[in-house]
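# Would you be able to build a 3D model of this:
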Amino acid sequence: MRVWNMAYILEKNKLSSDAPWLALLKITHKSLPEPIYLARNNEDVTWYGHTWTRFPIEFGNITQDGKEQPTITLKISNIGGLVESYIQQYNGFTDAEITIYVVHANHLDCLDAAFEITYKCDFTRFDPQWVTFELTAEHDMNYRFPPNTYMKDFCPFKFKSIQCGYAGSETSCNGTLAQCKIPSRFGGEPGVDSGS
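Have a look, this model is predicted:
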């Protein structure tokens with residue numbers, strides 16, 4: 001559970017305020033020399049040691065139908081073709097990461113965002129007015145679950161690591177009990193029934 005900074009709690013609980021909550025976008029891509037920093041605001045914002053350039057940005061609704069991964073539509077202004085040029089140069093930005101931060105304009109000295117979430121860009125399209133990104137959360141299928149599994153004939157320890165414990169002159173191990181240099185430290189589970 002995220003614990004908010006006390007300044008954010010006080011701002012959230014005010015009945016009225018003269019300063020807005022700001023949405024900041026950080027767009028990273030493996031081919032970009034540095035991330036792109038954009039602010040949904042009418043003036044540039046300095047936060048976390050970066051200048052976030054003011055830009056027209058619109059957030060769409062989250063779509064979910066229970067069959068596919070939920071998506072959110074993000075539109076960034078294409079005035080002057082600046083964002084479009086990045087799209088064309090970097091493979092449509094379809095493997096870009098877009099992190100959304102929510103901060104309060106009166107507390108830009110606070111380095112913790114009130115809210116932060118990272119999306120992956122799955123699809124882009126553009127017209128003369130808007131560049132539209134279809135965003136999804138990180139794909140769960142990229143992660144092993146459960147993180148550890150019991151394997152009868154394979155040791156998961158990295159050779160010569162602390163768990164392995166071997167510090168001799170050998171240079172490799174294939175991870176099997178037959179080749180294990182210290183059988184008492186073997187990380188596999190030879191007692192597991194193979195199901196045959």
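# Domain map for the protein?
6-142, 144-196 (automatic domain parsing).
# and those domains as a markdown table, adding mean pLDDT?
Below are the domains of the chain laid out as a markdown table (pLDDT from 0 to 100):
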| stretch | mean pLDDT |
| --- | --- |
| domain 6-142 | 90 |
| domain 144-196 | 80 |
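# and among these, the most buried is which?
Ranked by mean neighbour count under mean count of other C-beta atoms under 10 Å, these are led by domain 6-142, which reaches a mean of 15. All C-beta spots, glycine's among them, are computed from the backbone N, C-alpha and C.
# Quick check: beta-bridge partners of the residue nearest to the spatial centre of the chain?
When C-alpha atoms, centre = their mean is applied to the chain, the residue found nearest the centroid is T118 (4.1 Å). For T118, the beta-bridge partners under DSSP bridges are T99.
# ok, which stretches of the protein are helices?
Using DSSP state H, the helices of the chain run over 6-13, 82-89.
# could I get the ones you listed as a markdown table with distance to L111?
What follows is the helices of the chain, written out as a markdown table (distance: least, C-beta to C-beta, whole Å):
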| stretch | distance to L111 |
| --- | --- |
| helix 6-13 | 12 |
| helix 82-89 | 27 |
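# how close does the spatially closest residue to V102 that is not a sequence neighbour sit to T99?
Nearest non-adjacent residue to V102, counting by C-beta to C-beta, 6 or more residues apart in numbering: F115, 4.0 Å away. In this view, F115 and T99 are 11 Å apart by C-beta to C-beta, to the nearest Å.
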